[in-house]
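1. coords please:
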Amino acid sequence: MSSRTKLSLGRYDFAAYLTFFAYAAGSVIVPVSLVELARGLDFDLSRGGMTAGGGLQLGRAATMVVAMLLVGFIAGRWGTRRTLGVSVLLMSVGVAMCAVSPVYGVLLLAMLFAGVGEGVIEGLATPFVQNLHPKEPGRYINLTHAFWSVGILATVLVSGWFLSLGYSWRILTGVVAGIGSVAGLLILWPMPGSRKYPEKGTRLSIGEVGFRMRAIVCTRRFWVFYVAMFLAGGGEFCLTFWSASHIQLHFGTGPMHGGFGVALFALAMVIGRFAAGYFVPQERLRSLILFAATGGAIVTAILPWVNQIEIFYLLLFLAGLATAPFWPSIQSYATEMLPGLDSTLLLILLSCAGVPGCGVLTYVMGMWGDFSGSLAPAFVIVPIAYGSIWILFGFIGKEKDRAPGK
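-> Alright, predicted model coming up:
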């Protein structure tokens, strides 16, 4: 019988919440504004520009992966808190550069620069929280990741409303950059005495970090989690990135309707992650992932066939509930099942799967949309991804790997 302790939250928890909020806002402000942005920068989505739109996310994902591959070495020398705080400021600078981009090429370069900061955030934000709460980390990680969805929800609603009123996407992007700057400063501002951030262990040499990374990639079970993260990230971001554009193009609506659809998806993810963090104990994570994969595959398989916007909204909401626990729960479950490996580096390498999944599947979906003349058939990518996660977790099993020396 499982017990659930009372949540214990501090200043760094709230700094992590704002970091996820800003990270999500920076990730979604371009997709929500994409139809208007693309017309202004001369790659109209309705005239073959979907591949170029997907290319923005693919390029961003590429620099994120490079940053994540290096973040273990950087954090090993400079510490998790300092490295994370600086990376949030770098992301904010990149988002600010997006706001003043005059042409597509400059926008792409700005996205690449923002991706450097976002890659470090993606690699370190989860370990940042895990270090704060070594007992029942799955609950706190799910709660913190919920603020990614809160950031998406708030951004798509507010930006969709302001865009429909005629405000420029550049102003909204600049505001997002400001929020990110505040989050970075909160993390860099140290706490005194016993409230000081608990850096995990001693600072590691480059050789030691490399040795621990090799131990992870040489573990066969790790690669099952790796593929699951690739599929989870890709499915989630296909829905996040393309839903607003699809609603505007397929149903002939404006940015407010597109933003509302993504907001429903994000609201469902907020509910799902808060519920998972509060109600689901660590030992139930595998069952949660399997249940979510089943429901998500069924719901999203209907999306390509929907021609009524109200039904599309309902399915997006249900898809959000199913998608919510994937990313944080897969990561937390992996650290539990692979106890002999460095948990921080393990989480970083798993994020190195999720982020490429976001970029690759989003880009493929855009190419499919250009090829078919509509994004509708391309949504089939999502149920394929979620169904594959269900199959993968059938191979993982319930027994933990043995730690070295045991």
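2. Please name every helix or strand in contact with the lowest-mean-pLDDT helix or strand in the chain.
-> Ranking every helix and strand in the chain by mean pLDDT, DSSP states H and E puts helix 34-40 at the bottom, with a mean of 78. Under the contact criterion of 3 or more Cβ pairs under 8 Å, 6 or more residues apart in numbering; DSSP states H and E, helix 34-40 touches helix 50-78, helix 169-188, helix 220-250, helix 255-279. C-beta here means a position set from N, CA and C on the backbone, and glycine is covered the same way.
3. so how far is the third one from its chain's centroid?
-> To tie it back to what came earlier, the one meant is helix 220-250. Remark: helix 220-250 is offset 9 Å from the chain centroid, using Cα atoms, centre = their mean, to the nearest Å.
4. So which bits of that helix are buried?
-> For helix 220-250, the buried set under the neighbour-count rule, 16 or more other Cβ atoms under 10 Å, comprises 221-222, 224-226, 228-249.
5. Same check on the second one?
-> Across helix 169-188, burial judged by 16+ other Cβ under 10 Å covers 169, 172-177, 179-181, 183-184, 186-187.
6. Distance to Gly76 for the residues you listed - can I get that in JSON lines?
-> Below are these laid out as JSON lines (distance: Cβ to Cβ, whole Å):
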{"residue": "Trp169", "distance to Gly76": "39"}
{"residue": "Leu172", "distance to Gly76": "37"}
{"residue": "Thr173", "distance to Gly76": "33"}
{"residue": "Gly174", "distance to Gly76": "34"}
{"residue": "Val175", "distance to Gly76": "35"}
{"residue": "Val176", "distance to Gly76": "30"}
{"residue": "Ala177", "distance to Gly76": "29"}
{"residue": "Ile179", "distance to Gly76": "29"}
{"residue": "Gly180", "distance to Gly76": "25"}
{"residue": "Ser181", "distance to Gly76": "26"}
{"residue": "Ala183", "distance to Gly76": "23"}
{"residue": "Gly184", "distance to Gly76": "20"}
{"residue": "Leu186", "distance to Gly76": "23"}
{"residue": "Ile187", "distance to Gly76": "18"}
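7. Which pair of those residues spans the longest distance?
-> Trp169 and Ile187 (27.6 Å; Cβ to Cβ).
8. And Asp44, its phi and psi?
-> The main-chain torsion angles of Asp44 are listed as degrees, to the nearest 10 and equal phi -50, psi 130.
9. who's in contact with it?
-> By Cβ atoms under 8 Å, 6 or more residues apart in numbering, the residues touching Asp44 are Ala38.
10. can you start the count at 25 instead of 1 from here on
-> Will do, 25 is the new start, and the previous item becomes Asp68.
11. From Val174, how far off is it?
-> Distance from Asp68 to Val174, counting by Cβ to Cβ, to the nearest Å: 32 Å.
12. Break down the stretch 275-424 of the chain into its helices, ranges please.
-> Assignment of helices within the stretch 275-424 of the chain using DSSP state H, counting those that start in this stretch yields the ranges 279-303, 309-324, 333-347, 350-361, 367-396, 405-420.
13. Make a markdown table out of the ones you listed and add distance to Met215, mean neighbour count and mean pLDDT.
-> Putting the helices of the stretch 275-424 of the chain into a markdown table (distance: least, Cβ to Cβ, whole Å; neighbours: other Cβ atoms under 10 Å; pLDDT from 0 to 100) gives the following:
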| stretch | distance to Met215 | mean neighbour count | mean pLDDT |
| --- | --- | --- | --- |
| helix 279-303 | 23 | 23 | 84 |
| helix 309-324 | 30 | 20 | 92 |
| helix 333-347 | 34 | 21 | 94 |
| helix 350-361 | 24 | 24 | 87 |
| helix 367-396 | 20 | 23 | 86 |
| helix 405-420 | 38 | 19 | 89 |
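14. Could you dump those helices into TSV with distance to Tyr221 added?
-> Shown next, in TSV, are those (distance: least, Cβ to Cβ, whole Å):
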stretch	distance to Tyr221
helix 279-303	21
helix 309-324	26
helix 333-347	31
helix 350-361	19
helix 367-396	14
helix 405-420	32
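15. Out of the ones you listed, which gets nearest to Leu61?
-> helix 279-303 (10.4 Å).
16. pLDDT below threshold where in the stretch 75-224 of the chain?
-> 160, 162, 217-219, 222, 224 (pLDDT under 70).
17. ok so, going back, looking at the helices of the stretch 275-424 of the chain, which is nearest to Val180?
-> It is, among the helices of the stretch 275-424 of the chain and with distance given as Cβ to Cβ, helix 279-303, at 4.2 Å.
18. other SSEs contacting that closest one?
-> helix 35-56, helix 58-64, helix 161-188, helix 244-274, helix 333-347, helix 350-361.
19. cutoff 7 Å now
-> When contacts are defined as 3 or more Cβ pairs under 7 Å, 6 or more residues apart in numbering; DSSP states H and E, helix 279-303 sits against helix 35-56, helix 161-188, helix 244-274, helix 333-347.
20. Looking at those, spot the one closest to Phe419.
-> helix 244-274 (5.8 Å).
21. tell me the angle of that closest one relative to helix 350-361?
-> Orientation check (axes from the mean of the first three to the mean of the last three Cα atoms, to 10 degrees): helix 244-274 against helix 350-361 gives 180 degrees.
22. got the angle for helix 244-274 vs helix 405-420?
-> Using the same axes, to 10 degrees: helix 244-274 against helix 405-420 is 160 degrees.
23. Format the helices and strands packed on helix 279-303 as JSON lines; extra columns: distance to Met361.
-> Formatted as JSON lines, those follow (distance: least, Cβ to Cβ, whole Å):
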{"stretch": "helix 35-56", "distance to Met361": "24"}
{"stretch": "helix 161-188", "distance to Met361": "12"}
{"stretch": "helix 244-274", "distance to Met361": "7"}
{"stretch": "helix 333-347", "distance to Met361": "22"}
